[in-house]
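Undergrad: sequence isn't available, so here's the structure alone:
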């Protein structure tokens with residue numbers, strides 16, 4: 001264990017440092033995680049930026065934003081439940097921590113990458129949950145849900161500036177909305193940073209990391225050693241049933257209910273992408289195609305709904321934007337109505353397709 005206090009310098013640039021490094025010299029990694037968890041209540045937090053990386057960043061004057069969120073390495077046919085869990089969780093914890101330094105300093109891309117990593121981790125937790133003991137990792141799920149909201153608040157204002165406004169307005173009107181959006185983003189970013197440095201976030205990351213080193217302690221030895229392909233159909237079927245349940249009578253659902261369908265559908269798709277190598281055939285491509293088509297439509301609907309919500313919020317704070325704001329709300333509402341007309345047919349195509357893992 002090494003405590004580093006002082007500063008990192010690169011030319012004329014310098015930054016104060018107070019870092020605690022834990023290094024495993026011998027023994028098992030899970031022991032290191034166990035020790036780190038005893039420190040998680042202290043006002044310290046994990047970061048993906050090492051001291052040498054800080055020096056490079058100071059020298060270059062920028063963060064390394066080359067972090068790409070991808071699906072975890074695909075599962076092989078002989079993949080066990082324990083190995084599948086460890087492989088997936090490690091992959092997205094790595095992305096989360098790698099993107100964190102740049103996200104904390106405002107990088108649009110890094111915020112997006114962290115948000116997607118959080119979504120993937122939450123999906124993994126939900127997918128494997130039936131194999132956990134009752135109540136296991138419930139607190140971790142809650143913490144990821146919270147940080148997801150904070151990241152989402154920042155991301156909403158990014159999308160508002162870069163995608164929503166250009167689609168609806170231009171010129172001076174757009175500039176006024178952009179200025180307000182930048183101010184709102186600064187506040188949202190500060191709240192996100194505060195959550196990332198909260199002890200609950202550190203404890204959650206360490207807990208999940210620890211579970212990847214000893215999956216048998218989480219699942220039990222028998223389940224951890226079982227083949228994932230034996231459990232995959234049950235796990236996927238559970239998520240697919242949730243999508244179908246939430247989407248029942250889709251033409252009569254509220255915006256909130258449609259948003260819930262969209263989240264469940266995205267979770268199902270993320271889960272399927274991880275286990276695709278376990279299945280082969282044209283039915284897989286067909287089902288995934290229907291899933292993607294429906295998700296794309298939901299994405300457009302969500303963009304329009306977000307535009308309305310953020311513009312209404314802007315109007316409350318800036319009455320001078322009321323006229324232009326109402327025009328945006330009208331256009332966004334009209335877009336939502338168009339999408340709602342297409343949704344039942346797209347939903348019917350998806351819901352009538354028999355899942356490939358059931359065949």
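TA: Happy to help now that I have it. This is a predicted model, so every value here is computed, not measured.
Undergrad: alpha carbons only for contacts and neighbour counts from here, please
TA: Will do.
Undergrad: how many neighbours does the residue found closest to residue 195 once you drop the neighbours it is linked to in the chain have?
TA: For residue 195, ignoring the flanking residues on the chain, the nearest one in space by Cα to Cα, 6 or more residues apart in numbering is residue 147 at 6.7 Å. Using other Cα atoms under 10 Å, the number of residues around residue 147 comes to 20.
Undergrad: check contacts around residue 147.
TA: 118, 192, 195, 196 (Cα atoms under 8 Å, 6 or more residues apart in numbering).
Undergrad: how many residues are close by the third one?
TA: Other residues near residue 195 number 18, with proximity taken as other Cα under 10 Å.
Undergrad: hang on, it packs against residue 202?
TA: No: applying Cα atoms under 8 Å, one finds residue 195 not in contact with residue 202, separated by 9.9 Å.
Undergrad: how far away is residue 168 from residue 310?
TA: Separation of residue 168 from residue 310 (Cα to Cα, to the nearest Å): 13 Å.
Undergrad: could you give the mean pLDDT of stretch 10-29?
TA: For stretch 10-29, mean pLDDT rounds to 89.
Undergrad: give me the phi and psi angles of residue 47.
TA: phi -140, psi 150 (degrees, to the nearest 10).
Undergrad: hmm, I typed the wrong one, I wanted residue 79.
TA: Per-residue torsions, residue 79: phi -70, psi 130 (degrees, to the nearest 10).
Undergrad: got a list of what it touches?
TA: 227, 228, 229.
Undergrad: what about the residues you listed, which one has the most neighbours?
TA: residue 228 (24 neighbours).
Undergrad: can you count the residues close to residue 134?
TA: 9.
Undergrad: helix, strand or coil for it?
TA: Using DSSP: H, G, I helix; E, B strand; the rest coil, the three-state assignment for residue 134 comes out as coil.
Undergrad: do you know how far residue 39 is from residue 22?
TA: For residue 39, the distance to residue 22 (Cα to Cα) stands at 11 Å.
Undergrad: let me fix that: residue 339
TA: With Cα to Cα as the criterion, residue 339 and residue 22 are 52 Å apart.
Undergrad: and residue 207, by the same measure?
TA: Relative to residue 22, residue 207 is positioned 16 Å away (Cα to Cα).
Undergrad: which of those two has more neighbours?
TA: Taking neighbours as other Cα under 10 Å, residue 207 and residue 22 compare with residue 207 leading, 18 against 13.
Undergrad: which SS class is that one?
TA: Per three-state DSSP, residue 207 ends up helix.
Undergrad: for it, give me its contacts.
TA: Residue 207 touches 33, 37, 140, counting by Cα under 8 Å, 6+ apart.
Undergrad: let me know the pLDDT of it.
TA: 96.
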